[in-house]
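A.B. asks: Pasting the sequence and the predicted coordinates here, then a few questions.
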Amino acid sequence: MAKIGNTIATLLIGAAAGVAIGYVLATDKETREQDMDKIKKSLNGLKGKFAKKGADLEEEIYHS
């Protein structure tokens, strides 16, 4: 059952990436640069959140 969930998640991530790439390539250069800046900021924010979650989880595991 877990394999089906992983397959669906992978499929959805791939579809979202395809839509994002298609959108970026279909827009003009100025809009594309603005959108890429927004995407980079969002990814950096997510990276920070995941790093904090990982650190919190690690602390919880070692101090339990």
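C.D. replies: Cool, got the structure. Numbers count the residues shown, from 1 in each chain.
A.B. asks: measure the spatially most central residue of the chain to residue 20 for me?
C.D. replies: Taking Cα atoms, centre = their mean, the centroid of the chain lies closest to residue 43, which sits 6.1 Å from it. Applying Cβ to Cβ, to the nearest Å, the value for residue 43 to residue 20 is 11 Å. C-beta: built from backbone N, CA, C; applies to glycine.
A.B. asks: what do you get for residue 49?
C.D. replies: According to Cβ to Cβ, residue 49 stands 19 Å off from residue 20.
A.B. asks: ok, now residue 61?
C.D. replies: From residue 61 to residue 20 the distance is 34 Å (Cβ to Cβ).
A.B. asks: for the chain, which spans come out with low pLDDT?
C.D. replies: For the chain, residues meeting the criterion pLDDT under 70 lie at 1-2, 64.
A.B. asks: what helices or strands is the longest helix anywhere in it leaning on?
C.D. replies: Ordering each helix of the chain by length in residues (DSSP state H) puts helix 29-62 first. With contacts taken as 3 or more Cβ pairs under 8 Å, 6 or more residues apart in numbering; DSSP states H and E, helix 29-62 sits against helix 2-26.
A.B. asks: The helix it packs on - contacts with which helices or strands?
C.D. replies: By 3+ Cβ pairs under 8 Å, 6+ apart, helix 2-26 packs against helix 29-62.
A.B. asks: What is the distance between the helix it packs on and the centre of its chain?
C.D. replies: How far helix 29-62 lies from its chain's middle: 8 Å, per Cα atoms, centre = their mean, to the nearest Å.
A.B. asks: Tell me how many other residues surround residue 13.
C.D. replies: Close neighbours of residue 13, defined as other Cβ atoms under 10 Å, add up to 10.
A.B. asks: Ok, residue 27 next?
C.D. replies: Look at residue 27: counted by other Cβ under 10 Å, it has 13 neighbours.
A.B. asks: Quick check: it touching residue 35?
C.D. replies: Yes: applying Cβ atoms under 8 Å as the test, residue 27 and residue 35 come out as touching, 6.8 Å apart.
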